[in-house]
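Trainee: compute the structure for the input listed below.
(chains A, B and C)
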Amino acid sequence: MKDRPSPFRNALRSSLLAWYDAQARDLAWRVGPADRRSGVRSDPYRVWLSEVMLQQTTVPHATPYFLSFTERWPTVLDLAAVDDGDLMGAWAGLGYYARARNLLACARAVAADHGGVFPDTEEGLRALPGVGAYTAAAVAAIAFDREANVVDGNVERVMARLFAVETPVPEAKPELKALAGSLVTADRPGDWAQALMDLGATVCRPKSPLCDVCPISAWCEGRKTGAPETYPRKTKKADRPRRHGVAYVLTRGNDVALVRRPPKGLLGGMLGLPTSDWRSSPFTDIEAVAAAPVLANWGEVGTIEHVFTHFSLTLQVFRAEGEGDFVWTARERLGALPSVFLKAALAAERLL
DNA sequence: AAGCCGTGGTG
DNA sequence: TCACCAAGGCT
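Mentor: Sure, this is the predicted structure:
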């Protein structure tokens, strides 16, 4: 289909691009269609940084991080020079912390191997740490105006509806990607990618799509079925197990005892509260005290709930005053902790 | 290659 | 309440 430009494709493309010209969201990292027409170029560093932050993350959540990162580190060379701990602390709360480790590795690779300049091809970008098929295509299209097939969850949903694809995801992913590819041309590839994603985010939404205002509804097979919201079809996912653990809030005056977590795995490389192992059953008081990092007059101050991608966690929070070999950190700096530990620390503070 | 890896908003 | 889900990548 890609080699057979059809009237259908051209009309659909024109309609969506016109919609984007009028309705594009104003995003902190975006060079809008009007500015682009007057010659403003995207900064590949900002495009890359925003794309990594947006992986599995909402625009409202990522935006303040993007603003603070670009203020602190205006160029990829600035970022490449950051200490690991500072970077991880700045990323705290955004989640998927492997992204932060790869972000730094990528910045250092660009600095060391590419003279501080991002590769301008999909293939070159794809070779960088933390840059997969989606991000390589997105940066190639948005920053370098390359003809790349940019496929994220939004685009998959739009394609599943537009073509009424009955195959459930994730099985349908290759098919959805091929369908998306059939609509890509050398004309405004960056705007096309962003138009498709804006449409998915604001009109062709997961629930209650706004077909009445959709610029491509005339061509939408899903709408003809009368139930466009039922696409994409999905296979059921397994329910998540629950785990139990103990978090220890050990204080010394205004300081709280933290530990640096192992570099890989859950919350890898982040500072955290000392904890017990996490297991399927709750801890008794005796067990909790026995698993504590130091001897102290431990007392339970409450429990918190937290949901990770593949399990739910109930954390019993114990508190004591004490000493020991820890990363002692002032209360005011607990913003550098992953949310699960911030939640536990605040619970200990509140419930005293 | 299927499982691992966060978080917060939403209906 | 809780399942779903958001500009996915790595192993």
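Trainee: residue contacts, the residue of chain A positioned farthest from its centre?
Mentor: Largest separation from the mean C-alpha position in chain A: residue A:297, at 40.1 Å (CA atoms, centre = their mean). Shown in contact with residue A:297 (CB atoms under 8 Å, 6 or more residues apart in numbering): A:320, A:321. In short, each C-beta sits where N, CA and C put it, glycine included.
Trainee: show me where the stretch 51-200 of chain A dips below the pLDDT cut-off.
Mentor: Residue ranges of the stretch 51-200 of chain A with pLDDT under 70: none are present.
Trainee: up against DNA strand B, what does it have?
Mentor: A:56, A:57, A:58, A:60, A:61, A:92, A:93, A:94, A:95, A:96, A:97, A:98 (CB under 7 Å from any atom of the strand).
Trainee: redo the residues you listed as JSON lines? Include neighbour count, distance to residue A:227 and secondary structure.
Mentor: Converted to JSON lines, these look like this (neighbours: other CB atoms under 10 Å; distance: CB to CB, whole Å; DSSP: H, G, I helix; E, B strand; the rest coil):
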{"residue": "A:56", "neighbour count": "10", "distance to residue A:227": "27", "secondary structure": "coil"}
{"residue": "A:57", "neighbour count": "15", "distance to residue A:227": "29", "secondary structure": "coil"}
{"residue": "A:58", "neighbour count": "9", "distance to residue A:227": "26", "secondary structure": "coil"}
{"residue": "A:60", "neighbour count": "7", "distance to residue A:227": "29", "secondary structure": "helix"}
{"residue": "A:61", "neighbour count": "13", "distance to residue A:227": "30", "secondary structure": "helix"}
{"residue": "A:92", "neighbour count": "21", "distance to residue A:227": "41", "secondary structure": "coil"}
{"residue": "A:93", "neighbour count": "15", "distance to residue A:227": "38", "secondary structure": "coil"}
{"residue": "A:94", "neighbour count": "19", "distance to residue A:227": "35", "secondary structure": "coil"}
{"residue": "A:95", "neighbour count": "17", "distance to residue A:227": "33", "secondary structure": "coil"}
{"residue": "A:96", "neighbour count": "14", "distance to residue A:227": "33", "secondary structure": "coil"}
{"residue": "A:97", "neighbour count": "20", "distance to residue A:227": "39", "secondary structure": "coil"}
{"residue": "A:98", "neighbour count": "14", "distance to residue A:227": "37", "secondary structure": "helix"}
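Trainee: from chain A, which residue is nearest to DNA strand C?
Mentor: Among all residues of chain A, residue A:132 sits closest to DNA strand C, at 2.5 Å; criterion: CB to the nearest atom of the strand.
Trainee: that residue touches residue A:125, doesn't it?
Mentor: No: using CB atoms under 8 Å, residue A:132 is not in contact with residue A:125, being 9.8 Å away.
Trainee: what's whatever helix or strand residue A:14 lives in packed up against?
Mentor: In this structure, residue A:14 sits in helix A:7-23 according to DSSP states H and E. Other elements packing on helix A:7-23 under the criterion 3 or more CB pairs under 8 Å, 6 or more residues apart in numbering; DSSP states H and E are helix A:33-37, helix A:189-202.
Trainee: give me whichever of the ones you listed is most buried.
Mentor: Highest mean neighbour count of those: helix A:189-202, a mean of 22 (counted as mean count of other CB atoms under 10 Å).
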